[in-house]
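Novice: Structure for the following, please:
(4 chains)
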There are 2 protein chains.
Amino acid sequence: MCWYSTSEWMEKIAAKKQTLAFKKGEVIFKEGSPATGIYFLLEGIVKVHKHWGENKDLILHFSKPGELFGYRGLGDDTIYPVTATVLEHCTACFVPMDFFNETLRINHELTLQFLRFHLNELKYAELRMRNLALMDVKGRIADAILMLEKRFGKRDDGFIGLQLKRQDLAAYAGTTYETFFRMVNELIKEDAIAVKGKQFSILNHQKLAQYGRVDNPLL
Amino acid sequence: MCWYSTSEWMEKIAAKKQTLAFKKGEVIFKEGSPATGIYFLLEGIVKVHKHWGENKDLILHFSKPGELFGYRGLGDDTIYPVTATVLEHCTACFVPMDFFNETLRINHELTLQFLRFHLNELKYAELRMRNLALMDVKGRIADAILMLEKRFGKRDDGFIGLQLKRQDLAAYAGTTYETFFRMVNELIKEDAIAVKGKQFSILNHQKLAQYGRVDNPLL
DNA sequence: CGCGGTTTTGAACTAAGTCAAAAACCGTGG
DNA sequence: CCACGGTTTTTGACTTAGTTCAAAACCGCG
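Specialist: Down below sits the predicted model:
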């Protein structure tokens, strides 16, 4: 996910531009509002999500320090197609759209890396499309948990290095709170995972992967 | 969708490289097989899809002449994450991966266009993710039909310029054949669309858009 | 004319969503 | 240290959208 890992560009940016702080629960930008720039996350966790109807939304992505978000505002129309909300207090460095576009025009290496990054994002998005359309809820939840461990690692005690509300986990798996809850219980009963408060840990990757799927690039 | 429209690159390619012909029903490349290159479609229609389980699959995209497909094989792993199957007899020009990558390395303008294209693809994929997760079937079918008209235009008699099997339409909307059928009946009864064999036409965009959604960039 | 593939319909079934209401948990301020 | 109010968590009962299965009817075509 770190397309820019070999790029010095980001460091330069981070040093030069102003950094902003956002507190838990704050909305950084909202679906439908004009896209003014992209953000480079220095600390904290952000969720990127899309909503539908009154109180439904689907979480597309959790961003962690060192990653970009808001780049979905680039492209043909300059409106954020997603909302970004702070899950854990964060600081981010804001890069105005013009500046970023200009940089892309000039820096071929960066453009290539950015392209590469998006190719992977696209693949992942399409994988999830299929999962949402064809896989059952249990499988999607299994995938969600595997993804979390992969992306946020696990601590010494085995629990995943990121604690989320069940509501958010459910919204990532594309299901309701209650259904999520029931499925998690089943997974616990089957000794596939263990849960303690907001902490999740995977006991049996094998079993979990049976529900989810092998060909997930994030696993 | 025509990211390359202003690029001369494609013409050069099409002139230089060999073109291949595929007949209806033929699989051009298959999910999981090594990605050898990308294709530039000259004639015909191709569906790009992902499968799951025995007999389920989700259609991600219909490609028409003048478009690329197979670029999803680019990126970190060089395995096609999708299958491409011919819907209407087609000819395509094959561009080996190495060559394409090399071109990207050299041609900055092309890279930028390609990036732009993918940003839009990503947005669209994420929009559809949300639709699959949160919208009901009727809405997704409405969207599918609107998308078809938008992308393939309508003929003089008002019918959409592409005829698909219901099976494929259902697979695009992420539902079963039978459900698709029933929903289409409802839409007909409500005078939102008209159907004649494989031909679909939209009678009331307004009504259709109510089920689907305004914020679809393809509409 | 008959055969293979669609289309159409009905009925049964089930996965998942919805609603509602305890129970547990948590910070915070007295 | 406890009580309080609000947010999560946990459960049960119910509803329903959508799938599945199975069997007609239909249609184009060799």
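Novice: any bit of the helix or strand where A:Val86 lies sitting next to chain B?
Specialist: Take DSSP states H and E as the rule and A:Val86 turns out to sit in strand A:83-96. No - using Cβ under 8 Å from any Cβ of the partner chain, strand A:83-96 never reaches chain B; the gap is at least 11.4 Å. Where you see a C-beta, it was placed from the backbone N, CA and C, and this is true even at glycine.
Novice: now that strand: how far from the chain's centre is it?
Specialist: 12 Å (Cα atoms, centre = their mean, to the nearest Å).
Novice: Just the residues contacting stretch A:184-193, thanks.
Specialist: Residues outside stretch A:184-193 that contact it (Cβ atoms under 8 Å, 6 or more residues apart in numbering or on different chains): A:138, A:141-142, A:145, A:166, A:194-195, A:200-204, A:207-208.
Novice: how about the helices in chain A?
Specialist: A:9-16, A:97-106, A:108-134, A:137-152, A:166-173, A:177-189, A:205-211 (DSSP state H).
Novice: ranking the ones you listed by mean pLDDT, which is last?
Specialist: In terms of average pLDDT, helix A:9-16 trails the rest of these, at a mean of 65.
Novice: Would you mind splitting chain A into its domains for me?
Specialist: Using automatic domain parsing, the domain parsing of chain A gives A:7-131, A:136-211.
Novice: The first one near DNA strand D at all?
Specialist: No - with Cβ under 7 Å from any atom of the strand as the threshold, domain A:7-131 lies outside contact range of DNA strand D, at a closest distance of 8.6 Å.
Novice: Which of the helices of chain A sits closest to B:Phe22?
Specialist: helix A:108-134 (22.1 Å; Cβ to Cβ).
Novice: for that closest one, packing partners?
Specialist: With contacts taken as 3 or more Cβ pairs under 8 Å, 6 or more residues apart in numbering or on different chains; DSSP states H and E, helix A:108-134 sits against helix A:97-106, helix A:137-152, strand B:37-52, strand B:56-63, helix B:97-106, helix B:108-134.
Novice: Take these and write them to TSV, including distance to A:Lys23.
Specialist: Putting the helices and strands packed on helix A:108-134 into TSV (distance: least, Cβ to Cβ, whole Å) gives the following:
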stretch	distance to A:Lys23
helix A:97-106	24
helix A:137-152	21
strand B:37-52	40
strand B:56-63	38
helix B:97-106	41
helix B:108-134	26
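Novice: Same list (these) but as TSV, adding mean neighbour count and distance to DNA strand C.
Specialist: Formatted as TSV, these follow (neighbours: other Cβ atoms under 10 Å in any protein chain shown; distance: least, Cβ to the nearest atom of the strand, whole Å):
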stretch	mean neighbour count	distance to DNA strand C
helix A:97-106	14	36
helix A:137-152	21	4
strand B:37-52	20	12
strand B:56-63	21	13
helix B:97-106	14	33
helix B:108-134	21	8
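Novice: tell me the contacts of A:Gly25?
Specialist: Contacts of A:Gly25 (Cβ under 8 Å, 6+ apart): A:85-86.
Novice: Report the closest residue of chain A relative to DNA strand D.
Specialist: A:Arg166 (3.6 Å; Cβ to the nearest atom of the strand).
Novice: Residues in a beta bridge with the closest residue to A:Leu148 other than its chain neighbours, which ones?
Specialist: Leaving aside its sequence neighbours, A:Leu148 sits nearest to A:Ile160 (Cβ to Cβ, 6 or more residues apart in numbering or on different chains; 5.1 Å). Taking DSSP bridges as the rule, A:Ile160 bridges to A:Lys154.
Novice: ok, now which ones touch A:Phe159?
Specialist: Per Cβ under 8 Å, 6+ apart, neighbours of A:Phe159: A:196, A:199-201.
Novice: Out of these, which sit inside strands?
Specialist: A:196, A:199-201 (DSSP state E).
Novice: Briefly note if stretch A:163-181 comes near DNA strand C.
Specialist: Yes - for stretch A:163-181, a contact with DNA strand C is found by Cβ under 7 Å from any atom of the strand, at A:174-176, A:178-179.
Novice: buried subset of these?
Specialist: Neighbour-count burial (16 or more other Cβ atoms under 10 Å in any protein chain shown) applied to the residues of stretch A:163-181 next to DNA strand C gives A:174-175.
Novice: Of the residues of stretch A:163-181 next to DNA strand C, which is the nearest to B:Ala35?
Specialist: Looking across those and measuring by Cβ to Cβ, the closest to B:Ala35 is A:Gly174, at 28.1 Å.
Novice: quick one: contacts for the closest one?
Specialist: So A:Gly174 contacts A:58, A:132, A:137, A:140, B:132-134 (Cβ under 8 Å, 6+ apart).
Novice: for A:Gly75, same thing?
Specialist: A:Gly75 neighbours (Cβ under 8 Å, 6+ apart): B:116, B:119-120, B:122-123.
Novice: Please report the distance of the nearest residue to A:Val46 once chain neighbours are set aside from A:Cys90.
Specialist: Excluding the flanking residues, the one nearest A:Val46 by Cβ to Cβ, 6+ apart is A:Ser63, at 4.5 Å. From A:Ser63 across to A:Cys90, the span is 9 Å (Cβ to Cβ, to the nearest Å).
Novice: Mind listing the shared neighbours of the two?
Specialist: Joint contacts of A:Ser63 and A:Cys90 (Cβ under 8 Å, 6+ apart) are A:41, A:45-46.
Novice: Fine by me, we can end here.
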